[in-house]
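**Q** Provide a 3D model corresponding to the input given below.
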Amino acid sequence: MNATANVYPSKEKPSLFADYLTRQELAAALGITLRTLANYEISGKAPPSVEIGGKRRYRNAAIDTWLASQERSTRPLRKPRPPRRVR
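**A** Numbers count the residues shown, from 1 in each chain. Predicted structure coming up:
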């Protein structure tokens, strides 16, 4: 039994798309709106995808790679400013 069987018990995906998510599924998994995902796609910040039959799909392995590339350290991105002098 694969992981997608637990996620989609009522409607089974065709085996060809078993390793792919739709835009709706990806947005739900990331906790963002479809509009935000569309903005990511327009700006080139979304994970790689393929369009089949007018529907965009995202491969699970590509999503994992994309998520890993979004990681950054917890240290500050820039040096904090020195305190202002009071006159």
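
**Q** contacts, neighbours, all on C-alpha from now
**A** OK.

**Q** which stretches of the chain form helices?
**A** 3-7, 23-30, 34-43, 60-69 (DSSP state H).

**Q** what angle separates the third one from helix 23-30?
**A** Using axes from the mean of the first three to the mean of the last three Cα atoms, to 10 degrees, the direction of helix 34-43 lies 100 degrees away from that of helix 23-30.

**Q** Which strands or helices does helix 34-43 pack on?
**A** Counting contacts by 3 or more Cα pairs under 8 Å, 6 or more residues apart in numbering; DSSP states H and E, helix 34-43 is packed against helix 23-30.

**Q** about what we covered before: quick one, which of the helices of the chain is packed in tightest?
**A** helix 23-30 (a mean of 15; mean count of other Cα atoms under 10 Å).

**Q** got the contact list for the nearest residue to Arg57 once chain neighbours are set aside?
**A** Closest residue to Arg57 apart from its sequence neighbours, by Cα to Cα, 6 or more residues apart in numbering: Thr22 at 4.8 Å. Each residue near Thr22 by Cα atoms under 8 Å, 6 or more residues apart in numbering is listed here: Lys55, Arg56, Arg57, Tyr58.

**Q** Lys45: which of these is nearest?
**A** Proximity of the contacts of Thr22 to Lys45 (Cα to Cα) peaks at Tyr58, which lies at 13.4 Å.

**Q** still on that earlier bit, worst average pLDDT in the helices of the chain?
**A** With a mean of 48, helix 3-7 has the lowest mean pLDDT of those.

**Q** count of neighbours near Tyr58?
**A** A count of neighbours around Tyr58, defined by other Cα atoms under 10 Å, yields 21.

**Q** Who are the packing partners of the lengthiest strand in the chain?
**A** When the chain is scanned for its longest strand (criterion: DSSP state E), the result is strand 55-59. Counting contacts by 3+ Cα pairs under 8 Å, 6+ apart, strand 55-59 packs against strand 20-22, helix 23-30, strand 50-52.
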